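# Predicted structure and sequence below. I'll ask about it afterward.
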Amino acid sequence: MKHFTLLKGVLFLLIGALAACNSNKEENNEATKSEEVKAISPVIKEEAVSYNADTVTMNGFVAYDESTDKKRPVVLIVHEWWGLNDYAKGRAKQLAGMGYLAFAVDMYGKGATADNPDLAGQMAGPFYKDPQMAKRRFDAALAKAKTYAVADTNQVAAIGYCFGGAQVINMAKLGDHLQGVVSFHGNLVVVPADKNLLKTPILVCHGADDKFVNEAEVALFKKQMDSIGAVYTFKSYPGATHAFSNPGATMMGEKFKIPIAYNAAADSASWNDMKDFFGKIFK
């Protein structure tokens, strides 16, 4: 009986030791996994940046992964007619998490923003009337973005929303050297298409129910682009209106009685289309 009791005690000790060993292994494995996650997770650096254009101080926003010093493509983001607000900055942070140096452009200067359509229209209007002014301001932002040590200056694209969508298309039409541009629910016909200047592939992400960019404008855009053999892709999303990618659009539309609204399906689809486009233009 004594032998049995002793044996029983030894077995308990062995089981306890094995359990402790397994527990330590699990803890070590979890710690290792945690360290691996830390090692591969991006560390997004966000910073305000000032630069000058047309004797005006521009207040842009930059985001990139500072956990690596590897050079990466540059993506400029041009804001909606509301100005450089949190929405455009949020897109910059998304792009930074995808491995890009994201530079949100301040087109209006001094970080100016609008909180109503009348003011937004007044601020955006001059850029439609004077595309060369828009180009100077865009180019100033591009030059600043290229000063970052992690910027691959040979791999640059631009995306834009509404007003910004029109602007990035214009930059391509005016001959800026870019690997590609993406317009999200932007105006389409401002600068004429010139085969001697337009060398940049364009992706247009358009809401099929957009009341600001009607079918006639779409048809004219396609006709102009086709007439010079331009490289472009036109995506139309059913049920999507103007500003479909902005979650705040529905509230603003209801507040000011304008036909804009968020569309989650179109937002997701257009973002994925942009990622596919980037996969083709960035080599």
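Here it is on my side, so go on. Numbers count the residues shown, from 1 in each chain.
# all strands of the stretch 151-283 of the chain, in order?
151-161, 180-184, 202-207, 232-237 (DSSP state E, counting those that start in this stretch).
# out of those strands, deepest packed?
Highest mean neighbour count among the strands of the stretch 151-283 of the chain (mean count of other Cβ atoms under 10 Å): strand 180-184, with a mean of 29. Every C-beta, even on glycine, is put in place using the N, C-alpha and C of the backbone.
# now the angle from that one to strand 202-207?
Using axes from the mean of the first three to the mean of the last three Cα atoms, to 10 degrees, the direction of strand 180-184 lies 10 degrees away from that of strand 202-207.
# so K89 sits right up against F61, yeah?
Yes. Under the criterion of Cβ atoms under 8 Å, K89 makes contact with F61 at 4.9 Å.
# more crowded one of the two?
When neighbours are counted by other Cβ atoms under 10 Å, K89 and F61 differ, and F61 comes out ahead with 23 against 20.
# Could I get the pLDDT score of that one?
In this model, F61 is scored at 98, pLDDT.
# for S41, same thing?
Looking at S41, its pLDDT reads 79.
# roughly how far apart are A134 and G165?
Note on A134: its distance to G165, by Cβ to Cβ, to the nearest Å, is 12 Å.
# on that earlier part again, quick check: neighbours shared by K89 and F61?
The contact sets of K89 and F61 overlap at 46, 104 (Cβ atoms under 8 Å, 6 or more residues apart in numbering).
# Any chance of CSV for the strands of the stretch 151-283 of the chain, columns distance to A243 and mean pLDDT?
Shown next, in CSV, are these (distance: least, Cβ to Cβ, whole Å; pLDDT from 0 to 100):
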stretch, distance to A243, mean pLDDT
strand 151-161, 8, 98
strand 180-184, 9, 98
strand 202-207, 8, 98
strand 232-237, 12, 98
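# Ignoring the adjacent residues along the chain, who's closest to the residue nearest the centre of the chain?
In the chain, the C-alpha nearest the mean C-alpha coordinate belongs to R91, at 4.2 Å (Cα atoms, centre = their mean). Of all residues not flanking R91 in the chain, I77 sits nearest, at 5.5 Å (Cβ to Cβ, 6 or more residues apart in numbering).
# Show the contacting residues for that neighbour.
Contacts of I77 (Cβ under 8 Å, 6+ apart): 88, 91-92, 95, 102-105, 158-161, 164.
# Sheet partners, orientation included, of the stretch of helix or strand it belongs to?
I77 belongs to strand 72-78 when assigned by DSSP states H and E. Strands adjacent to strand 72-78 in the sheet, as given by DSSP bridges, are strand 101-105 (parallel), strand 151-161 (parallel).
# next helix or strand past that strand?
Using DSSP H and E, the next helix or strand after strand 72-78 towards the C-terminus is helix 86-97.
# how big is the angle separating that following helix from strand 101-105?
160 degrees.
# Could I get the buried residue list for helix 86-97?
Using 16 or more other Cβ atoms under 10 Å as the test for burial, helix 86-97 gives 87-89, 91-93, 95-96.
# likewise stretch 141-149?
Residues of stretch 141-149 classed as buried: 141-142, 144-145, 148 (neighbour count, 16+ other Cβ under 10 Å).
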